[in-house]
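J.: Return atomic coordinates for the entry below.
(one chain, ligands or ions: 1)
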Amino acid sequence: MELSLLPPDIQDAHRSFPGTLAACADLDALMRLKGAFVGREGSHAARLMELLKAAPKDQKRDLGAAVNALKNEWDQALKSRQAELEQERLRLAALASAWDPDLPPPLPAQGALHPLNRLMNRLVDVFRPLGFHVEEGPEAETEAHNFDGLNIPPDHPARGSADTFYFKGQDGLLLRTHTSPVQVRVLLRIGARGADGRSELERRGGIKFLAPGRVYRKDEIDPTHSPMFHQVEGMIVGKGIGMHHLKGTLAYAMKALFGPGAEVRFRPSYFPFVEPGAEMDVRCPLCEGAGCRVCKGSGWVELLGAGLLHPNILAYAGIDPEIWSGYAFGMGVERTAMMVSETPDLRLFFENDQRFLRTMGGLD
Ligand code: FA5
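T.: Coordinates of the predicted model:
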């Protein structure tokens with residue numbers, strides 16, 4: 001082909017055409033190149049057609065042949081590169097969705113126990129070898145079990161509707177404010193005498209149980225309070241039970257839960273259903289006792305209330321306090337979970353953010 005008949009810039013473009021074409025990495029780039037060479041307007045081919053029209057008659061034949069040959073060459077090369085790039089695009093799409101038979105199959109997402117349930121199960125596992133079994137009671141409770149049977153007087157502030165959720169129009173029915181009414185239910189059951197005149201307590205010679213469950217209070221939500229939370233009640237009835245049994249058992253349980261370095265302390269406290277009453281704190285694992293937001297700067301966090309059974313609650317269930325004695329404790333599960341997993345805000349346990357739930361390895 002007679003290139004010298006063509007304008008110099010088109011000659012240059014033609015010389016570099018094979019390289020430019022090969023450099024087109026995708027169909028978009030190819031379409032731009034196609035427009036520049038053979039497009040309807042402003043392309044090299046369009047300019048050549050104008051030149052041909054304007055050429056003197058005697059040159060038209062040679063020039064026409066050169067222009068046609070050039071256009072054909074460009075068209076052919078563009079077409080074959082387009083076919084290549086289309087192939088490549090199909091190949092990449094196939095790769096992206098490729099199924100690799102060597103890979104293990106994707107597992108279906110599996111449900112798992114909530115961290116609070118895992119902790120309650122773990123507490124049950126800690127106490128079971130000591131002879132504790134699990135008892136249950138209803139969340140919709142009677143005033144008699146939630147308060148009266150626990151020696152809580154009628155004018156006690158906790159009984160007010162400012163602290164307790166009562167069911168409208170259902171006299172004396174409420175959402176239990178603690179798991180202690182399970183004590184009353186169990187005491188009434190084991191204190192009741194059968195046809196043979198003997199009670200379950202007498203037949204068994206004593207009882208030890210845990211009662212995990214949900215409780216409700218009109219408390220404001222903050223990093224350590226929620227209006228619905230969980231407690232684990234623990235109780236022993238036997239003969240000659242004293243504070244040393246209570247303290248020894250709880251110190252053992254806390255070491256099983258937090259590790260052998262766990263430090264606990266008991267402070268005197270008041271609950272109408274125990275005498276003497278105490279509260280147990282653990283050394284704050286979040287700040288290791290230095291003082292932080294969770295322990296409110298004190299270095300200790302209150303986990304539970306406890307004490308020796310008040311004679312009145314044994315007597316309420318027909319159990320002779322001269323013969324029988326015992327202890328009870330009520331542990332806050334969220335507070336304990338915060339300490340075990342070093343979580344600074346109890347609300348995280350209720351938000352059910354999968355990212356949080358998956359990191360709760362500390363509660364396994
Ligand atoms: C009681 O509920 C007593 N029934 C405990 C008890 C049982 C005492 C047996 C004696 C014998 P208290 O109101 O302190 O006690 O609650 C016990 C624990 O529940 C607290 O130590 C705390 O860990 C937790 N707790 C209390 N209120 C909340 C709340 N709003 N949110 C989360 N945890 C709470």
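J.: Quick one, grab the pLDDT at residue 330.
T.: You'll see residue 330 listed with a pLDDT of 98.
J.: so it is in which element?
T.: Assessed by DSSP states H and E, residue 330 sits inside strand 325-332.
J.: Give me the helices and strands touching that strand, please.
T.: For strand 325-332, the contact count by 3 or more C-beta pairs under 8 Å, 6 or more residues apart in numbering; DSSP states H and E identifies strand 228-238, helix 243-258, strand 274-283, strand 300-309 as packing neighbours. Any C-beta I mention is one placed from the backbone N, CA and C, and that applies to glycine too.
J.: relative to strand 300-309, how tilted is it?
T.: Interaxial angle of strand 325-332 relative to strand 300-309 (axes from the mean of the first three to the mean of the last three C-alpha atoms, to 10 degrees): 150 degrees.
J.: Give me the sheet partners of strand 325-332 and which way each runs.
T.: strand 228-238 (antiparallel), strand 300-309 (antiparallel) (DSSP bridges).
J.: right, and the helix or strand after it?
T.: Moving toward the C-terminus from strand 325-332, the next helix or strand (DSSP H and E) is helix 333-341.
J.: what about that next one and the ligand, touching?
T.: Yes - residues of helix 333-341 are located near the ligand by C-beta under 6 Å from any ligand atom, namely 334, 335.
J.: which stretch among the strands paired with strand 325-332 comes nearest residue 141?
T.: Proximity to residue 141 (C-beta to C-beta) singles out strand 228-238 among these, at 12.7 Å.
J.: For the closest one, list the C-alpha coordinates in CSV.
T.: Taking Å, rounded to 0.1, in the frame of the first residue of the first chain, the C-alpha atoms of strand 228-238 are listed here in CSV:
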residue,chain,number,x,y,z
MET,A,228,-34.8,-7.0,82.8
PHE,A,229,-31.8,-9.0,84.0
HIS,A,230,-30.9,-12.5,85.2
GLN,A,231,-30.1,-13.9,88.6
VAL,A,232,-28.9,-17.2,89.9
GLU,A,233,-30.3,-18.0,93.3
GLY,A,234,-28.5,-20.6,95.4
MET,A,235,-29.8,-22.1,98.6
ILE,A,236,-28.9,-24.8,101.1
VAL,A,237,-31.1,-26.1,103.9
GLY,A,238,-29.6,-28.5,106.4
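J.: right, quick check: that strand against the ligand, any contact?
T.: Yes - using C-beta under 6 Å from any ligand atom, strand 228-238 reaches the ligand at 229, 231.
J.: Quick one: low-confidence residue ranges for this protein.
T.: 1-2, 360-364 (pLDDT under 70).
J.: Distance-wise, check the residue in it that the ligand sits nearest to relative to residue 32.
T.: For the chain and the ligand, the shortest gap (C-beta to the nearest ligand atom) falls at residue 332, measuring 2.1 Å. In this structure, residue 332 and residue 32 are 69 Å apart, going by C-beta to C-beta, to the nearest Å.
J.: of these two, who's got more company?
T.: Between residue 332 and residue 32, counted using other C-beta atoms under 10 Å, residue 332 has the larger neighbour count: 24 against 11.
J.: Settle this for me: the more buried one is touching residue 233, isn't it.
T.: No - if you go by C-beta atoms under 8 Å, residue 332 and residue 233 don't touch, sitting 11.2 Å apart.
J.: ok, back up a step: for my notes, please list the helices and strands packed on strand 325-332 in TSV and give mean neighbour count and distance to residue 128 for each entry.
T.: Shown next, in TSV, are the helices and strands packed on strand 325-332 (neighbours: other C-beta atoms under 10 Å; distance: least, C-beta to C-beta, whole Å):
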stretch	mean neighbour count	distance to residue 128
strand 228-238	22	12
helix 243-258	17	11
strand 274-283	20	20
strand 300-309	22	18
